[in-house]
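*Asks:* Next one to model:
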Amino acid sequence: MRHRHKGKTLDRKAQPRNLMLRNLASSLILYEKVTTTTARAKAVKSMVERLISLGRKGDLAARRELLRILPVKNAAAKVVEDLGPRYKNRTGGYSRIIKLSRRLGDNAKTVRLELID
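*Replies:* From the prediction side, this is the model:
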């Protein structure tokens with residue numbers, strides 16, 4: 001039973017799961033859209049929303065926090081310099097999930113996770 005356990009495990013241990021989510025978040029930030037499975041998209045969406053909200057502040061502490069979380073330095077710079085000002089007047093909901101067809105190999109549900117313009 002998973003009573004009072006928050007978050008999805010995605011059938012991985014904690015460290016590989018966190019690395020996968022960080023890489024997926026940086027790919028979404030750099031390319032502004034990514035195709036993945038439904039479970040991964042739902043898990044990384046809240047993470048990206050928090051990162052963009054952090055980037056809206058734009059101060060040095062926020063930049064250092066982004067550099068600590070994101071493995072690619074260009075992604076952290078893009079959040080502060082591009083995405084922060086773009087979503088300055090928006091209070092949340094920076095990304096959306098669009099359902100696609102099922103994957104051929106294992107019939108997994110695929111979605112496109114993209115940032116809203």
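*Asks:* Could you pick out the longest helix of this protein?
*Replies:* Scanning the chain for the longest helix, with DSSP state H as the assignment, gives helix 38-57.
*Asks:* elements contacting the following helix or strand past that helix?
*Replies:* Using DSSP states H and E, the next helix or strand after helix 38-57 towards the C-terminus is helix 60-69. Contacts defined by 3 or more CB pairs under 8 Å, 6 or more residues apart in numbering; DSSP states H and E place helix 60-69 against helix 38-57, helix 73-78. All C-beta spots, glycine's among them, are computed from the backbone N, C-alpha and C.
*Asks:* buried ones in the shortest one?
*Replies:* Of all the residues in helix 73-78, those buried under the rule 16 or more other CB atoms under 10 Å are 75-78.
*Asks:* go on, the first one?
*Replies:* Of the residues in helix 38-57, those scored as buried under the neighbour-count criterion (16+ other CB under 10 Å) are 40-41, 43-45, 47-48, 51-56.
*Asks:* how close does the residue nearest to Leu115 when sequence neighbours are not counted sit to Ala75?
*Replies:* Leaving aside its sequence neighbours, Leu115 sits nearest to Glu32 (CB to CB, 6 or more residues apart in numbering; 4.7 Å). Plainly put, Glu32 is 11 Å away from Ala75 if you go by CB to CB, to the nearest Å.
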